[in-house]
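> quick one, structure for this:
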Amino acid sequence: MEKNLSAQLLEEKKLHSFDFASCNPALYVGTYGKYNDGSIDGMWVDMTTFSDEEDFFDFCRLLHHDEADPEFMFQDYENMPYELYNECLCPDEIAKIIAFANETEEHREVMEAYVSNYGWSEQLTWDDVSERYQGKFDSEEEFAEHIFDELYAYEMPDFARRYFDYEAFARDLFMGDYTFVDGHVFSDH
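Residues are numbered from 1 along each chain as shown. This next block holds a predicted model:
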């Protein structure tokens, strides 16, 4: 029986092990019992490898099978908004992390930028963020040029465009209509 458990644990560890070279969200999973005994024995767990919170907690129980009733302690996190992290996470919170982890890498990057500026809400989804997302730009001025081209360039002769002040236009745009966060632009309306 113990031999089968060890084989299953090794297999599951390979499946759920976190690769630091990836950009995947991860949690370090230990237990309060081990921590109180002076050990931080646990594992970095790749959250993209789970379909739901039940699978995640099943793995955690297998990982810490040496304790009769392990009380999980999430000692650190990687590649996800701070607002999702807590040292002791309930199933609903793990479900949110898994939902975030299962977004594309690009969507996760945009969501992190969004959350860093607007904060996290309980019901936040990619659909909510994408409604406000305008794209990725190197600067506020580059975004201003983009907006100008989309909305006004067709009305202005080419020679007149050389005189347009994109820097001032960008300043006006970002004084209430848009927010620039790590290269990502969000509409404030």
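> in this structure, which spans are strands?
Secondary structure of the chain, counting by DSSP state E: strands at 26-31, 43-46, 72-78, 133-136, 178-181, 184-187.
> pLDDT wise, what is the nearest residue to residue 85 once chain neighbours are set aside at?
In space, residue 85 comes closest to residue 77 once its chain neighbours are excluded; the distance is 4.3 Å by C-beta to C-beta, 6 or more residues apart in numbering. No exception for glycine: its C-beta is placed from N, CA and C like everyone else's. On pLDDT, residue 77 comes in at 97.
> hmm, residue 77 is touching residue 25, no?
Yes: between residue 77 and residue 25 a contact is recorded at 7.4 Å, counting by C-beta atoms under 8 Å.
> show the pLDDT at the residue lying farthest from the centre of the chain.
For the chain, the residue at maximal distance from the C-alpha centroid (C-alpha atoms, centre = their mean) is residue 159, at 44.5 Å. In this model, residue 159 is scored at 79, pLDDT.
> repeat for the one 10 residues further on
In this model, residue 169 is scored at 94, pLDDT.
> residues touching it, list them.
If you count contacts by C-beta atoms under 8 Å, 6 or more residues apart in numbering, residue 169 has them with 144, 147, 148.
> which of these ranks first by neighbour count?
Neighbour counts for the contacts of residue 169 peak at residue 144, which has 23 neighbours (criterion: other C-beta atoms under 10 Å).
> tell me the contacts of it?
Listed by C-beta under 8 Å, 6+ apart, the contact partners of residue 144 are 166, 167, 169, 170, 173.
> in TSV: the strands of the chain, plus distance to residue 97 and mean neighbour count.
Formatted as TSV, those follow (distance: least, C-beta to C-beta, whole Å; neighbours: other C-beta atoms under 10 Å):
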stretch	distance to residue 97	mean neighbour count
strand 26-31	7	23
strand 43-46	10	19
strand 72-78	8	18
strand 133-136	21	15
strand 178-181	21	18
strand 184-187	21	19
